[in-house]
Structure formats: structure tokens, C-alpha cells
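Colleague: Turn this into a model:
(chains A and B)
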Amino acid sequence: MYADDRRPRVPPGLAHVVQDGRHLLVHPIRPLWLAVNDLGSAVACLCDGQHTVAEIAGQLARRFRVEPARAYQDVLAYLADLDRAGFLEDAPDAPDGPAPAFTPTLRGLRLHLNITARCNLHCRHCGVLADGHAVDRLSPARLLALVDELAAGGGEAVALSGGEPLLRDDWRGLVRQAAARLKTLVSTNATLIDDAAAAELVESGAVVQVSLDGATPATHDAVRGAGAFHAAWRGIEHLQRRGIGERLALAVTVLGTNWREIPAIVDLAEAQGIAGVRFFPVQRLGRAIAHWPDLAVTPAQYAQVYDYLYRQLPARRLRVRVDGGCPGLVLSLADGEWWCRLGRTLTVEADGRIAACSLLTDDAFGLGDARRDSLAAALASPVLRDLIATAAGRMDAIPACRVCAWRAFCQGGCPGSVWLAAGTWYATDGLCEVRQRLYPDVIFDRT
Amino acid sequence: MEPTELKTPAPGQVEPAPPVPKDAPPYDPPRVLTIQGADIQRELGTAHGCSFNHSVVGC
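Modeller: Here you go, the predicted model:
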């Protein structure tokens, strides 16, 4: 409770975001925001540690010709809300910002396990292949040992991918045994899924995520090769006949060639009874580098895509669950929490290389060789420790981030995609303006 | 609507009562409108744009 002589103070540098007459307060350090009304924003401006509650209330009373006692009570109630939300300086336990680093452990780890580098397709945007390492070097026993280590250490999930994982002769046993121990995702192009494969996948309990890069054969096949669209949908039909139900999702890479079809892809998923769709921005990695002029998506195009996915689509209240996948678009974080999963995810390539992230597969960032190294050893690598520390320091080192109201949320964007696009950690990821517009938009849409 | 501006008096300054304005705007008390970041986040999905992250569908 604020007495007459208290002088409330919001944190120095508190951002007032005003858009179309609506107001947001954004904390300068902590990942906190508040939507407030016009007068709420004005009162926050007066909470500078210089003016008493009575003085602030007095201004309201005079300006709006309301009873001073009423204005006083209104200001008190508002300050109590600000205080509860962590927006007054004497709010308890206000930390200095996200923790700079943490110690990676197996607990909660997600493992992306590329069980083969072979593929029956030759996708133009594939980031896994075309890097000179397309050799399978992990035995079935070693793959299972990695899954066992992850499960025993409290790992969260494993994603089995490739290449095309179903090209590996022993995929059935791997999927079955992984799914028996952990949340398991199989990432596939679905073109090899016949009735028998569908039965195996459904009975395993794994989630199946099918890559789809267009709403039409022309768009999808232009990226993945002739016949790939119809072959994928035949595989999906097999899965659905076998009862995959809610464990079927589409994974869509947003490309310069398909961004206009995003709404049609969502409609297709809805019409075909697909449970979920995830969208991902294309990354300048692997084979995509050679085709970048065709595949790259401009910020203006992303703005249209994300405006649809985050603003127009929710109003349609479709059954299909859609994840727009805009990196760093996060509005709810705990103090000290990082949305980037660096240190909480590992990628193991089919040749055994262990990487911190599927985007950071340069040998310079190697964390070990899964043919001989444990996941725990990779997590203890000084290379990973340095990567985490570097990522944690980005938003204080990038000039644009230092002055951005939303820095505590996007935290400098995706470090991996920045590295791939710019060859430096200390740049933004090109989606800053898109996110800065989206943050207030998605809040006000729901306020 | 134009944002409301309040004068910032010097600390401790007692302002003389201004003449009662004839055009006093409607009074909408200062209010917090929403803080439900977690609810919005559930709708937004994950913030991970990594091409190989986990599925929107729960295992």
C-alpha cells in the first residue's frame, strides 16, 4: 500500500509503446510487459520517484474534475497492480536480467538424431546434406545407446530424422525402442510410408512429422522433386488409415517459393484432418546456399506470413494447431529464462558429429563424435560453454538490441540463424522490425 | 485519441488550483488491461525457429 508520502518509481528506461492509441509498458530489463489504458500510461510517466502518490492523484483530480479521494484510490489501485506485475522499483526480488549462462545437463535435453544421411529426395533447401559428410557411421547399437543415455538422464525427447530416416533398414526397431523410452518424433518426407510402415509408426507411439513445402504439387515438387507431393500424401493417407490421429503434423519451411501459399497449406491441413502444422523460416545452410536467391524470404514477406499466422488465423478458430515458428516471438518468459534452446538441445549427425544446434554444424563448433563420446561429454564441452556465453552476451553487444524495448523477449533473435546469414554473432536476424510490430499487435489483438 | 498528458510539477510543489475546465475529458481511471503473457504464448506456440525443432503435436 502506498501512503501519501511514497514516491513510486518505475524502472529507468521503461518503454512506453504506443500504437493506434493503445499503450504498452515494457520493462527495460526483465521480460515483463503490461497493456494499460491511456491514463495508465500517463500515470506511469509520473512514477519517477520524485512525485508522491498524492501529487499524482491531485493531477488526475484537477485534469478530469473527479473527487480527489476517488482519484487517490484509483491511483493506489493502479500502483498496486504495477507493483504486483513487477513494474515498480521496489518490487521484491527483481533480478538484473537473464542469467548469463547455465550448466547444460541431460535433464530436459532434446536430442535431434539424424540416423541416416541418405535420402530419396534431393530438396533444394536441405540443410542436412550437401555438406560433404553424407555418410552413415552410427551403428544400431550406438544409436540405441544414445537414446538410452538420454532417457536415463531425464532427457525430454528425441527426434529421429535424416536424410530420410525410413531409408535405414533398422528404423523400425529404433523408432519402437526410442518411443518406448522417450517422447519420440519421426521427421520424414512420407514418400516411403506404405501400409506396413504406417502400421509400425502408429503402433510405436511416436509422433510423425511430415515435411510439406507447398499446398500444390507444382510448388512442393519444385523444391522436392517430381512426384514428391502425391507420394507424401499417399504416405499420410496410410498413416491416417492406420489411426495416427493426433500424432501427425506437417513441417513447412517458409520459402521464397511458397510463402504465398501459407494460408492454403493451413487450409489443406485442416481439410485433411492433420493435427498440427509447424512453420520454420528457411536457413542459409547446406544445399540452400546455392539456391538462396530463389529460396530467401524478405522481411516484408515474413511480415505478411506472420501477420496471417499470428493475427488472422486465430480468429478462424480452426481445429488444426498451428505454430508460426517466428524465432524469438515470445511474450512470456521467466526471469533468467532463455527461449533459445542452446545447451538444452543436441544434434547428432549421421556421421557421428555432435553439434549444439542443427544450425551450428560447422566443425569449429563440434562437441564430439557420437561414435565414442557420450551426450554428457558433449554437454560438458568447453565449446558449448563458450557458445552459450557468446549467445548470452549478444543482446548487450548489438547496438540495435541495446536500445530495443523488446530486448528481454527476443534476446537478440536466433543466434544460429544470424551466424549462418551474417557470419557473426553480433548482428540481428533481419526479423527485428517484423517482431517489433508483431509484439504489440498480438497483444492488442487479444486485449 | 491523443495520449493524455499530465503536467510534471517539481517535487513537492503545490500547484494552485487551475480553473475548472469546461471540456474535461471523460475519466477512465488508470488501469492495467492485461498481463496474460502465458495465455498469449500458448496461442503463439514456441519461439524456436530452428528448422529441426520438436513438433507442435505433443508426443
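Colleague: switch to C-alpha atoms for all contacts and neighbour counts from now on
Modeller: Fine.
Colleague: How about stretch A:334-349 and chain B, touching?
Modeller: Yes: Stretch A:334-349 is in contact with chain B by C-alpha under 8 Å from any C-alpha of the partner chain, via A:339-341.
Colleague: Inside helices: which ones of these?
Modeller: Within those, no residue falls in helices by DSSP state H.
Colleague: among those residues, who's most crowded?
Modeller: residue A:340 (23 neighbours; other C-alpha atoms under 10 Å in any protein chain shown).
Colleague: Mind putting the residues of stretch A:334-349 next to chain B into CSV with pLDDT?
Modeller: Output for those, formatted as CSV (pLDDT from 0 to 100):
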residue, pLDDT
A:339, 90
A:340, 91
A:341, 91
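Colleague: ok, the residue in the stretch 251-400 of chain A that chain B sits nearest to to residue A:25 distance?
Modeller: The nearest approach of the stretch 251-400 of chain A to chain B comes at residue A:327, 4.2 Å away (C-alpha to the nearest C-alpha). The gap separating residue A:327 from residue A:25 is 22 Å, by C-alpha to C-alpha, to the nearest Å.
Colleague: How about residue A:148?
Modeller: According to C-alpha to C-alpha, residue A:148 stands 47 Å off from residue A:25.
Colleague: what's the neighbour count on the residue of the stretch 251-400 of chain A closest to chain B?
Modeller: 23.
Colleague: So it versus residue A:102, what's the distance?
Modeller: 21 Å.
Colleague: Then residue A:148?
Modeller: According to C-alpha to C-alpha, residue A:148 stands 24 Å off from residue A:102.
Colleague: Angles on the backbone of the most centrally placed residue in chain A, please.
Modeller: For chain A, the residue nearest the mean C-alpha position is residue A:327 (4.8 Å; C-alpha atoms, centre = their mean). Note on residue A:327: its backbone torsions stand at phi -60, psi 130 [degrees, to the nearest 10].
Colleague: Report pLDDT for it.
Modeller: Looking at residue A:327, its pLDDT stands at 91.
Colleague: Any regions of the chain where pLDDT drops low?
Modeller: By default, I'm working from chain A. For chain A, the stretches flagged by pLDDT under 70 are A:1-4, A:90-101, A:129-134.
Colleague: looking at chain B here, not the other one
Modeller: For chain B, the ranges with pLDDT under 70 are B:1-24, B:47-59.
Colleague: same thing but 90
Modeller: Confidence mapping of chain B against pLDDT under 90 gives the ranges B:1-26, B:34-59.
Colleague: What residues sit buried inside stretch A:174-191?
Modeller: By 16 or more other C-alpha atoms under 10 Å in any protein chain shown, the buried positions in stretch A:174-191 come out as A:174-179, A:181-191.
Colleague: Out of these, list just those in helices.
Modeller: Reading helices off the buried residues of stretch A:174-191 with DSSP H, I get A:174-179, A:181.
Colleague: And those residues, which is closest to chain B?
Modeller: residue A:179 (9.1 Å).
Colleague: Make sure that closest one is actually in contact with residue A:204.
Modeller: Yes: at 6.1 Å, residue A:179 counts as touching residue A:204 under the criterion of C-alpha atoms under 8 Å.
Colleague: so residue A:74 is in which element?
Modeller: In this assignment (DSSP states H and E), residue A:74 forms part of helix A:68-84.
Colleague: Send me that helix as CSV with only the CA atoms.
Modeller: This file holds the C-alpha atoms of helix A:68-84, laid out as CSV (Å, rounded to 0.1, in the frame of the first residue of the first chain):
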residue,chain,number,x,y,z
PRO,A,68,-9.6,13.9,-5.1
ALA,A,69,-10.4,10.9,-2.9
ARG,A,70,-11.6,8.9,-5.8
ALA,A,71,-8.5,9.8,-7.9
TYR,A,72,-6.4,8.9,-5.0
GLN,A,73,-7.9,5.4,-4.6
ASP,A,74,-7.7,4.8,-8.3
VAL,A,75,-4.0,5.7,-8.4
LEU,A,76,-3.4,3.4,-5.4
ALA,A,77,-5.2,0.5,-7.0
TYR,A,78,-3.3,1.0,-10.2
LEU,A,79,0.1,1.2,-8.4
ALA,A,80,-0.8,-2.0,-6.6
ASP,A,81,-1.3,-3.6,-10.0
LEU,A,82,2.0,-2.2,-11.3
ASP,A,83,3.7,-3.4,-8.2
ARG,A,84,2.3,-7.0,-8.5
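Colleague: out of residue A:148 and residue A:25, which sits in the busier spot?
Modeller: Counted by other C-alpha under 10 Å, residue A:148 and residue A:25 do not tie: residue A:25 has more neighbours, with 22 against 16.
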